[in-house]
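Novice: Pasting the sequence and the predicted coordinates here, then a few questions.
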Amino acid sequence: MKTIKLSMAQALLKFLDNQYVSIDGVETKFVKGVMGIFGHGNVTGIGEALERSPGSLSFIQGKNEQGMAHAAAAFAKQNGRKQIYACTSSIGPGALNMVTAAGTATVNRIPLLLLPGDNFACRQPDPVLQQLEDPSDYTVSATDAFKPVSRYWDRIVRPEQLITAAQQAMRVLTDPAETGAVTLALPQDVQAETYDYPEAFFEKRVHILDRRPPARDAIARAAELLVGKRKPLLIAGGGVHYSDATVEVAAFATAFGIPVAETQAGKSALAWDHPLNMGGVGVTGTLAANRLAKEADVIIGVGTRYSDFTTASKSAFGNSDVHFININVNAFDSVKLNGVSVTADAKEAIRALHAALAEANYASGYAEGELAGHKAEWDREVDRLYTTEHADGLSQTRALGVINESLKPSDVIVAAAGSLPGDLHRLWRPSEPKTYHMEYGFSCMGYEVSGAFGAALAEPNRNVYAVVGDGSYLMLHSELVTSLQEGVKMTVLLFDNSGFQCIHNLQRSQGSDGFGNEFRYREQATGRLSGGYMPMDFAAHARSLGVSAYTVRTAGELREAIAQAANEPVSTLIEIKVLPGTNTSGYESWWRVDVPAVSTSPKVEAAQRAMAEETSKAREI
């Protein structure tokens, strides 16, 4: 057996550089490169390997470990999980900064390879700088924190262990049912240790992602249930995009007259003006989709994990005779809500179910004009929200209307947290698939700017816009600098509403007078954060980083700034001053947020009674 002597870090890069995926006969190099921030723990291990022997892997210098890992996840998401960047960090705080991003990737089923540095395996210099010491278990280190947020975790304490660990890592990263964050903890001494690796370890490996066909009996069970139902509703989740099944879903819905609602991850599966697209469903859903969900006698969930926002905390489906058909490549999701489980690739399953229903001459039983009426009513509501002017300033919904009107159909928006995801889920009108990039599985504040960089890196021929609130921007905006460094342009649309207004609205709806969520000065008389709003010049901050920037306060100024930003050669930020509390809410939806039964405020106690009453109506399974 031929061998090659390499350090463990060199061997890891050489292995990663030769991994490919093949889907429907199309082969793609899986690992594009490595994002990293160097410190002790990786600079002389992986750092040396990246400097001297990177192969064809590119290196991108992150500015915050969480930010670069979000960017890597967004890159993979925008690429349909067909290509990734790995992320390397030092030990201690550098490693722990990536834990949030690991959770975000795992919840959203996005492949993310994390390579944090770790303590010395030999223990000779212990305790090394930044090392945790657990007196009851000396094998514990900071990287153990990745275990609950990783789909696969390993610590490489001997260089030869890389051979099996790397193969297991690729198994999980490329599996559409199991994918998420993969963490390989790399002790800093082991990274530099050498081993005679077999040359076969570095041969080109093509991971063929065979589409999982549905079981014939599963399709028969689903079809048998469907043919007895008159008011079906299809819920399109993120799996529709990852399976490249948007065409099949449209054809299926059209053939049988089945309305389609979308989750945050599934939005843009159908063009907004498709006659059967009823928009977002659930807590942040449209009136059309939520009314249809209440009446539906069967829900066809395609590639959705049925989060509480999709199901309105299991209250969205009001028909006592409603049943569920769950099409998902992951059996963990396909068994939810006591549904008929079709564990299969979404494209293959939809095609098979289409054929079965066609053979049965199935058609939904909606009255003539019923679906068109629901859609027309909601379209009028969006038009109203998009065009309503306020005498005292610019509303959030009016600003979104201007942006939606100004962007090209192929432009991509990226968002994640705050009140904007609710408004975007309800109001945004995408015309093309993969133009609505929302991280809402973890709703991670700070994802937006980093995610926009990752999405722009994945699709350099599209314009990418981060749609972000001032709260999220303040939490994490570091990869704006990386976008300048890499010459990857993106545009940040920063909605300045002076605080965490989404949660401010939530707490007030449950009996609070408003506490701790707005960016106000502390009042000396009361000791509370109830003084005047803090004036912030986000455009000036962006300019100080080298970013082009504009500040707008009116719809006309916003429209002009978007046009000018399109001609800027570098990343650009548009600071949009909007009125607090001008987001959307309601539309016959509900979200469970438990409230104390005992409080000094009668309003809180009243809110608790109302919440308890609604909770009693929700489904148990």
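Specialist: Thanks, I have the structure now.
Novice: Now residue 205: phi and psi?
Specialist: Dihedral pair for residue 205: phi -120, psi 130, per degrees, to the nearest 10.
Novice: go on, the one 5 residues further on?
Specialist: In this entry, residue 210 is assigned phi and psi values of phi -60, psi 130 (degrees, to the nearest 10).
Novice: Mind picking out the helix or strand in the protein with the poorest mean pLDDT?
Specialist: Ranked by mean pLDDT, DSSP states H and E, the helix or strand of the chain with the weakest confidence is helix 501-509, at a mean of 87.
Novice: Show me how the record splits the protein into domains.
Specialist: 3-208, 216-374, 388-498+534-577 (automatic domain parsing).
Novice: picking that back up, how about the least confident helix or strand of the chain: buried residues?
Specialist: Residues 501, 502, 504, 505, 506, 507, 508 are the ones in helix 501-509 that count as buried (16 or more other Cβ atoms under 10 Å). (Each C-beta comes from the backbone N, C-alpha and C, glycine too.)
Novice: Now do the contacts for the residue nearest the centre of the chain.
Specialist: Against the mean C-alpha coordinate of the chain, by Cα atoms, centre = their mean, the closest residue is residue 439 at 2.2 Å. The contact partners of residue 439, taken as Cβ atoms under 8 Å, 6 or more residues apart in numbering, are 73, 74, 77, 104, 108, 414, 415, 416, 417, 447, 451.
Novice: and what of residue 591?
Specialist: 283, 308, 309, 312, 313.
Novice: Of those residues, keep whichever come out buried.
Specialist: Looks like the contacts of residue 591 have 283, 309, 312, 313 buried, using 16+ other Cβ under 10 Å.
Novice: Next one: the first one from residue 317, what distance?
Specialist: Spatial separation of residue 283 from residue 317 under the definition Cβ to Cβ, to the nearest Å is 13 Å.
Novice: And for the second one?
Specialist: Using Cβ to Cβ, we find residue 309 at a distance of 14 Å from residue 317.
Novice: quick one: average confidence on stretch 544-552?
Specialist: Averaged over stretch 544-552, pLDDT sits at 98.
Novice: Could you give me the buried positions within that stretch?
Specialist: Buried residues in stretch 544-552 (16+ other Cβ under 10 Å): 547, 548, 549, 550, 551, 552.
Novice: What ranges does the stretch 501-621 of the chain have for its helices?
Specialist: For the stretch 501-621 of the chain, the helices defined by DSSP state H, counting those that start in this stretch occupy 501-509, 538-545, 555-565, 602-615.
Novice: For the last one, give me every contacting residue.
Specialist: In this case it means helix 602-615. Here helix 602-615 has contacts from 313, 315, 509-512, 590, 592-599, using Cβ under 8 Å, 6+ apart.
Novice: contact partners of stretch 283-290?
Specialist: Contacts of stretch 283-290 (Cβ under 8 Å, 6+ apart): 233, 259, 261-262, 264, 278-282, 293, 308-309, 312-313, 316, 374-375, 377-378, 381, 421-422, 425-426, 587-591.
Novice: ok, of the residues you listed, which come out buried?
Specialist: 233, 259, 261-262, 264, 278-282, 293, 309, 312-313, 316, 374-375, 378, 381, 421-422, 425-426, 587, 589-591.
Novice: can you list contacts of the least confident helix or strand of the chain?
Specialist: 417-419, 422, 469, 514-515, 517-518, 580-581, 583, 585, 593, 607.
Novice: so which of these would you say is closest to residue 272?
Specialist: Residue 272 has its nearest neighbour among the contacts of helix 501-509 in residue 422, at 16.5 Å by Cβ to Cβ.
Novice: what's the nearest residue to that closest one if we skip its chain neighbours?
Specialist: In space, and not counting its chain neighbours, residue 422 is closest to residue 284: 4.0 Å by Cβ to Cβ, 6 or more residues apart in numbering.
Novice: before we move on, back to that, so for residue 218, which of the helices of the stretch 501-621 of the chain sits nearest?
Specialist: helix 602-615 (33.2 Å).
Novice: Show the average pLDDT along the closest one.
Specialist: 89.
Novice: Next, the buried residues of it.
Specialist: Neighbour-count burial for helix 602-615 [16+ other Cβ under 10 Å]: 604, 605, 607, 608, 611.
Novice: Pick the one among these closest to residue 146.
Specialist: Lowest distance from residue 146 to the buried residues of helix 602-615 (Cβ to Cβ) belongs to residue 611, with 35.4 Å.
Novice: Give me the neighbour count for residue 204.
Specialist: Using other Cβ atoms under 10 Å, residue 204 is surrounded by 10 other residues.
Novice: residues in contact with the residue nearest to it when sequence neighbours are not counted?
Specialist: In space, and not counting its chain neighbours, residue 204 is closest to residue 18: 4.9 Å by Cβ to Cβ, 6+ apart. For residue 18, the contact set (Cβ under 8 Å, 6+ apart) comprises 202, 203, 204, 205.
Novice: who touches the first one in this structure?
Specialist: The one in question is residue 202. 4, 11, 14, 15, 18.
Novice: if we go to 10 Å?
Specialist: 4, 6, 11, 14, 15, 17, 18, 55 (Cβ atoms under 10 Å, 6 or more residues apart in numbering).
Novice: Just the pLDDT for the second one.
Specialist: What the model reports for residue 6 is a pLDDT of 98.
Novice: what's the helix or strand for it?
Specialist: Assigned by DSSP states H and E, residue 6 belongs to strand 3-7.
Novice: again, but for the third one
Specialist: With secondary structure defined by DSSP H and E, residue 11 is part of helix 8-16.
Novice: How far away from the center of its chain is that helix?
Specialist: Counting by Cα atoms, centre = their mean, to the nearest Å, helix 8-16 is centred 29 Å from the centre of its parent chain.
Novice: got the angle between it and strand 3-7?
Specialist: When axes from the mean of the first three to the mean of the last three Cα atoms, to 10 degrees is applied, the directions of helix 8-16 and strand 3-7 differ by 120 degrees.
Novice: hey, C-alpha coordinates of helix 8-16 in CSV?
Specialist: Provided in CSV are the C-alpha atoms of helix 8-16 (Å, rounded to 0.1, in the frame of the first residue of the first chain):
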residue,chain,number,x,y,z
MET,A,8,-2.9,15.7,10.1
ALA,A,9,-4.0,19.2,9.1
GLN,A,10,-2.4,18.8,5.7
ALA,A,11,-4.1,15.5,5.2
LEU,A,12,-7.4,16.9,6.2
LEU,A,13,-7.2,19.7,3.6
LYS,A,14,-6.0,17.2,0.9
PHE,A,15,-9.0,15.0,1.7
LEU,A,16,-11.5,17.8,1.6
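Novice: Quick one: neighbours of the residue nearest to residue 528 when sequence neighbours are not counted, just the number.
Specialist: Of all residues beyond its chain neighbours, the one nearest residue 528 is residue 522 (6.9 Å), with distances taken as Cβ to Cβ, 6+ apart. Residue 522 has 10 neighbours, counted by other Cβ under 10 Å.
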